[in-house]
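Colleague: Need the 3D shape of this:
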Amino acid sequence: MRSVVRRSAVAGSWYPGTEAAIVQEVDGYLAAAGTVDAPGRLVALVSPHAGLRYSGPVAAFGYGLLRALSKGAGSGPGQDVSVVLVGPSHRAAFDGVAIDEEIAQALLDADPVVFDDPDVHRDEHSLEMQMPFLQRLLPGLRIVPLLMGSQAREEVEALAGALAKALSGRRVLLLASSDLSHYQPAEDANRVDARVVDEVSRFDADALMDRLERHHNVACGGGPVVAVMKAARALGADRATVLKYGDSGDVGERDKSHVVGYLSAALTSAS
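Modeller: This next block holds a predicted model:
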């Protein structure tokens with residue numbers, strides 16, 4: 001396992017290039033989201049990963065929940081936590097899940113589907129887009145970044161099992177990074193996305209996996225979402241709460257002719 005410092009791929013374009021500007025934008029989205037609550041102990045989040053100005057207002061609902069828990073207002077991971085980020089690889093196609101930076105050896109040992117390849121992370125944004133919020137809320141956090149290649153059912157099942165095995169008993173927050181449907185009229189996108197949102201809200205990972213196999217343009221990180229849902233279930237999560245849904249046409253120029261869907265959700269445990 002190599003020790004690698006991965007430089008930002010999209011700072012200054014997908015999100016601001018200076019710390020002060022990032023803090024100002026992130027804090028604005030968190031303030032707009034207000035008080036966020038979900039029952040039980042937080043095990044995992046589902047969060048979007050588009051440009052911050054588009055997906056940030058939706059992502060802020062999940063991170064608003066994390067902010068409350070990190071300050072001790074409820075049962076959650078707190079400040080001393082490792083965050084396991086699982087996202088899709090948009091640029092590099094490969095079989096398996098690539099690992100970069102501070103990965104617990106237990107994950108590498110858990111299943112051969114998990115392997116160490118920092119190169120595929122170099123230009124990837126899906127995990128990086130979580131960092132403006134994470135670094136603002138948990139400045140001392142330790143991250144475990146995982147990228148999925150094919151997102152095939154076999155890969156999803158193997159990763160879910162590896163996560164459940166390696167993370168049991170650890171102080172960890174799972175985070176699935178995914179946008180939903182892409183570049184359809186808002187009316188069509190919202191209808192397609194509603195089915196995914198429903199399956200997440202029912203904590204039905206198998207139904208979502210079936211949908212991903214039957215239909216294209218459902219969710220670019222659908223595999224990570226299913227893997228995290230299955231691993232979270234194995235780690236004790238027993239309920240899902242949809243915190244916010246929106247699309248890219250809700251902000252900026254408010255162009256509803258071809259939108260990207262965004263979802264923020266929490267997976268929690270009663271115990």
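
Colleague: what's the neighbour count on the residue nearest to Ser82 when sequence neighbours are not counted?
Modeller: Sequence neighbours aside, Arg142 is the residue nearest to Ser82 in space, at 4.4 Å (criterion: CB to CB, 6 or more residues apart in numbering). In this view, the C-beta of every residue, glycine as well, is placed from N, C-alpha and C. Arg142 has 15 neighbouring residues, counting by other CB atoms under 10 Å.

Colleague: Could you measure from Arg142 over to Ser168?
Modeller: Distance of Arg142 to Ser168, computed by CB to CB, to the nearest Å: 17 Å.

Colleague: Same question for Gly261.
Modeller: In this view, Gly261 and Ser168 are 33 Å apart by CB to CB.

Colleague: So between the two, which is more surrounded?
Modeller: Higher neighbour count among Gly261 and Ser168: Gly261, with 29 against 13, using other CB under 10 Å.

Colleague: Buried residues, the longest helix seen in the chain. List them.
Modeller: Using DSSP state H to define each element, the chain has its longest helix at helix 52-70. Going by neighbour count (16 or more other CB atoms under 10 Å), the buried part of helix 52-70 is 52, 54-70.

Colleague: what packs against the next helix or strand after that helix?
Modeller: The element immediately downstream of helix 52-70 (helix or strand, assigned by DSSP states H and E) is strand 82-88. Packed against strand 82-88, as judged by 3 or more CB pairs under 8 Å, 6 or more residues apart in numbering; DSSP states H and E, are the following elements: strand 142-148, helix 153-167, strand 172-177, helix 222-234.

Colleague: TSV for these, including distance to Gly249?
Modeller: Shown next, in TSV, are the helices and strands packed on strand 82-88 (distance: least, CB to CB, whole Å):
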stretch	distance to Gly249
strand 142-148	28
helix 153-167	30
strand 172-177	21
helix 222-234	21
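
Colleague: And those: which comes nearest Ala32?
Modeller: Ala32 lies closest to strand 172-177 among the helices and strands packed on strand 82-88, at 20.9 Å (CB to CB).

Colleague: Show me how far that closest one is from its chain's centre.
Modeller: 6 Å (CA atoms, centre = their mean, to the nearest Å).

Colleague: and that strand, which strands flank it?
Modeller: Paired neighbours of strand 172-177 in the sheet (DSSP bridges): strand 41-47 (parallel), strand 82-88 (parallel).
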